[in-house]
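[1] Structure of the sequence below:
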Amino acid sequence: MEFLSALLYGVVLVVFLHLCRKMKAENRKRAVKQAAEDRKFKVCVIGAGLSGIGIGYTLNDMGIDYDIFEKNDDVGGTWYDNIYPGVGCDVQSHLYSYSQFLNPMWSESFSEGPEILEYVNKLAEPIRPKITFGTAVVKTIWKDNLSKWVVTLSSGRVLQFDAIIAGTGLLHKLNTPKIPGAELFEGIAFHTNQWRNDVSLAGKKIGIIGTGASGVQAIPRIADMGVENLTVFQRTASWVGPRLNFKYSDSAKFLFKHIPGLQRLYRWKIFCTYESRFFMLLMLPSKDIPIIGWLHGKLQSYIHHLVRTYIKNTVKDPDVAKKLTPDFPMGCKRITPSDSYLEAFNKENVHLVTDKIKGINKRGIVTMDEKAHDLDVIIYATGFDLLGSVNAFEVSGVDGKSLADDHSDAPRAFYGMTHHLCPNYFMMGGPGIVLGHNSVIFIGECQINYIRCGIEELLLRKASSVCLKESSMDSYQDWSANKMKNKVFEGDKFCTGWYRNSKGINWTFWPTNLISFWWHTLNFDCENYMFA
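    Numbering: from 1, shown residues only. Now for the predicted structure:
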């Protein structure tokens, strides 16, 4: 009897504490909304991709006015821009989606671009009235005397906002290599990000430069378009293991839709599987714990052996298989799984070229061995300019100091979100949050929560501005550099690539696991900020 009484009291206490917490949250929410209304607080959101749309939902919930400016003619961000054949995501769709907006109807494990864009469009419906399309932000200037941002748009309009949330990301400025003679080519040339649906590839001689993520996705589809020849120019091989994609049955979709918690449980299973890859592949074996380090090294060697064997068994020509096998550890460059890329090199009309490109003439590409490759179409699958993307528009912060100048060739931001030169300025998908093992949507949700808490603190304190302390930025950079140690993607020890700048500094990556990111951004740490 005493046990049942104690249990009952325990249940009542838990319910009571939950209700108190809920009431406290509701009171805080009302106070934030009232404070925003009293000072006519307004936010400028830059970009209508998944980040911009996600923060739009949050601002709606907070009762804060905002405008979203999108340079494209519709929502979607990278999924609007990239329409090349085979475009898709290397993260399973049930995880590459917002946790509050699950989609039980994904058609396959790894959905392609059009289906992801459809998800984004449905998600954006309540946000569309707040979006101005075809309008880019070109300049933002912080006015200390006003505690406001002055925003100049591509249309010429100049507006004032209390805060800015930049959701432009790191993958939207094209990287097109400067190859001597490129302007002489008399055929058609374009970047995968600017795919030409008006150009038929059937019966033509195609050359594609680059075998990174977009190349791995596009090459198998181009090979099946009836092309006469497809010549693949590879600088560095990519780690291409099996993607293991599969279609979801109608029964699975029904269960995901109607059984409470099933899809969320499945999502967490995917998350945990991906998170384990960080420990298995991206961390170098520890020398401090010899036995664990030895076992870790053996596990990594075995995984590398499995993928090398997969490449060898899939590609029929041993010489081609060897050229398609990387000589650096997995994770040093982006891992690009595919179920069809390697098979494409078994086709008679697909040829791999690993000699460096010397130049381009009017007829095609010439390699360093002086061999001329006559082409009708050249496709650049050469990715993005990360520095250009992070400096997509002019930002003048405290005392007119340029954010681009501070970034130099190694941009930085506190957990990829705030900077000591920019009060009331938040980034989503900023420097230092790129992942090589899991879903960036998880990062985005953590950032949305952190930004929400930051704006709430600003309003509840009746402060004009909130700005990161420079000392906090320096401490964070030291912490990040320390965490970057003993990771396969740290520097140029194993390979070079777009993760790093010319000095070998990796300014793009989150240096540890995602559970750590969630923990560090769970609350807005006011001690790291100055309120004025």
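[2] Straight-line length of stretch 188-197, end to end?
    End-to-end distance for stretch 188-197, by Cα to Cα, to the nearest Å: 12 Å.
[3] Report the mean confidence score over it.
    Taken as a whole, stretch 188-197 has an average pLDDT of 96.
[4] How about it, which residues are buried there?
    The neighbour-count criterion (16 or more other Cβ atoms under 10 Å) identifies 188-189, 191-193, 195 as the buried residues of stretch 188-197. Backbone N, C-alpha and C define where each C-beta goes, glycine included.
[5] Among those, pick out the one closest to Lys33, please.
    Nearest to Lys33 among the buried residues of stretch 188-197 is Asn193, at 40.2 Å by Cβ to Cβ.
[6] Could you pull up phi and psi at that closest one?
    Reported as degrees, to the nearest 10, the phi and psi values for Asn193 are phi -70, psi -20.
[7] my guess is it meets Leu174, correct?
    Yes. Counting by Cβ atoms under 8 Å, Asn193 does reach Leu174; the two are 5.5 Å apart.
[8] which outside residues touch stretch 290-297?
    Contacts of stretch 290-297 from elsewhere in the structure, counted by Cβ atoms under 8 Å, 6 or more residues apart in numbering, are 280, 283, 285-287.
[9] what is the mean pLDDT for it?
    Taken as a whole, stretch 290-297 has an average pLDDT of 86.
[10] Equivalent analysis for stretch 414-434, please.
    Along stretch 414-434, the predicted local confidence has a mean pLDDT of 95.
[11] Restricting to C-alpha, output that stretch in PDB.
    Included here for stretch 414-434 are C-alpha records, laid out as PDB according to Å, rounded to 0.1, in the frame of the first residue of the first chain:
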ATOM      1  CA  PHE A 414      30.500  30.700 -33.200                       C
ATOM      2  CA  TYR A 415      28.900  27.200 -33.700                       C
ATOM      3  CA  GLY A 416      28.400  28.400 -37.300                       C
ATOM      4  CA  MET A 417      26.000  31.100 -36.200                       C
ATOM      5  CA  THR A 418      27.300  34.300 -34.600                       C
ATOM      6  CA  HIS A 419      30.300  36.600 -35.100                       C
ATOM      7  CA  HIS A 420      31.800  39.300 -32.800                       C
ATOM      8  CA  LEU A 421      31.600  41.900 -35.500                       C
ATOM      9  CA  CYS A 422      27.900  41.500 -36.200                       C
ATOM     10  CA  PRO A 423      25.300  42.300 -33.500                       C
ATOM     11  CA  ASN A 424      21.800  40.900 -34.000                       C
ATOM     12  CA  TYR A 425      23.200  38.700 -36.800                       C
ATOM     13  CA  PHE A 426      22.700  35.000 -37.000                       C
ATOM     14  CA  MET A 427      23.900  32.500 -39.700                       C
ATOM     15  CA  MET A 428      22.400  29.100 -40.500                       C
ATOM     16  CA  GLY A 429      24.800  26.800 -42.400                       C
ATOM     17  CA  GLY A 430      27.700  29.100 -41.700                       C
ATOM     18  CA  PRO A 431      31.400  28.300 -41.300                       C
ATOM     19  CA  GLY A 432      32.400  25.200 -39.400                       C
ATOM     20  CA  ILE A 433      29.200  23.000 -39.600                       C
ATOM     21  CA  VAL A 434      29.700  20.900 -42.700                       C
END
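[12] that older thread, residues that sit against both of Asn193 and Leu174, list them.
    Counting by Cβ under 8 Å, 6+ apart, the residues touching both Asn193 and Leu174 are Phe384.
[13] What is the subsequent helix or strand relative to the helix or strand hosting Val320?
    Following DSSP states H and E, the helix or strand that holds Val320 is helix 318-323. Next along the chain after helix 318-323, taking DSSP H and E as the criterion, comes helix 341-344.
[14] doesn't Ser276 fall inside a helix?
    Yes. Secondary structure assignment places Ser276 in a helix (DSSP: H, G, I helix; E, B strand; the rest coil).
[15] tell me the contacts of the residue nearest the centre of the chain?
    Taking Cα atoms, centre = their mean as the criterion, Val440 is the residue nearest the geometric centre of the chain, at 5.2 Å. Residues in contact with Val440, defined by Cβ under 8 Å, 6+ apart, are 91, 429, 433-434.
[16] Need the residues you listed in TSV (columns: distance to His351 and neighbour count).
    Putting those into TSV (distance: Cβ to Cβ, whole Å; neighbours: other Cβ atoms under 10 Å) gives the following:
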residue	distance to His351	neighbour count
Val91	31	21
Gly429	37	25
Ile433	38	23
Val434	32	22
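[17] Return the closest of these with respect to Gly113.
    Val91 (13.2 Å).
[18] Next one: the nearest residue to the closest one once chain neighbours are set aside from Leu50, what distance?
    Counting by Cβ to Cβ, 6 or more residues apart in numbering, the nearest residue to Val91 once its immediate chain neighbours are dropped is Ser439, at 4.6 Å. Counting by Cβ to Cβ, to the nearest Å, the gap between Ser439 and Leu50 amounts to 11 Å.
[19] Looking at the two, which one has more neighbours?
    Between Ser439 and Leu50, counting by other Cβ atoms under 10 Å, Leu50 is the more crowded of the two (28 against 24).
[20] Would you mind confirming that the more buried one makes contact with Ile441?
    Yes. In this structure, Leu50 sits in contact with Ile441. The criterion is Cβ under 8 Å, and the distance is 6.8 Å.
[21] Give me the common contacts of those two.
    Both Leu50 and Ile441 are in contact with Tyr98, where contact means Cβ under 8 Å, 6+ apart.
[22] related to what we said a few turns ago, need the contacts of stretch 290-297 in JSON lines (columns: distance to Asn424).
    Shown next, in JSON lines, are the contacts of stretch 290-297 (distance: Cβ to Cβ, whole Å):
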{"residue": "Met280", "distance to Asn424": "41"}
{"residue": "Met283", "distance to Asn424": "37"}
{"residue": "Pro285", "distance to Asn424": "44"}
{"residue": "Ser286", "distance to Asn424": "42"}
{"residue": "Lys287", "distance to Asn424": "45"}
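[23] Confidence-wise, which of those comes last?
    Lys287 (78).
[24] Identify each buried residue in stretch 226-240, please.
    Within stretch 226-240, the residues scored as buried using 16+ other Cβ under 10 Å are 227, 229-234, 237-240.
[25] out of these, who's nearest Ser154?
    Distance ranking of the buried residues of stretch 226-240 against Ser154, using Cβ to Cβ, places Phe233 first at 35.2 Å.
[26] So what pairs up with that closest one in the strands?
    Here Phe233 sits in beta bridges with Ile209, Val353, going by DSSP bridges.
[27] circling back to that earlier point, which of the contacts of stretch 290-297 are buried, as a ChimeraX select command?
    Filtering the contacts of stretch 290-297 down to the buried ones (16+ other Cβ under 10 Å) takes a single ChimeraX command:
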select :283,285
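[28] Closest one to Val398 out of the contacts of stretch 290-297, please.
    For the contacts of stretch 290-297, with Val398 as the reference and Cβ to Cβ as the criterion, the closest is Met283, at 37.7 Å.
[29] what secondary structure does the residue nearest to Arg267 when sequence neighbours are not counted sit in?
    Across the structure, with Cβ to Cβ, 6+ apart as the measure, the residue nearest Arg267 apart from its sequence neighbours is His94 (5.1 Å). For His94, the reduced secondary structure class is coil; criterion used: three-state DSSP.
[30] same thing with Trp479?
    Assigned with three-state DSSP, Trp479 falls in the helix class.
[31] Equivalent analysis for the one 3 residues further on, please.
    When the structure is reduced to helix, strand and coil (three-state DSSP), Asn482 reads as helix.
[32] measure it to Gly88 for me?
    If you measure Asn482 against Gly88 using Cβ to Cβ, the figure is 35 Å.
[33] With neighbour numbers in mind, choose between the two.
    In terms of neighbours (other Cβ under 10 Å), Gly88 is the more surrounded of Asn482 and Gly88; the figures are 22 against 10.
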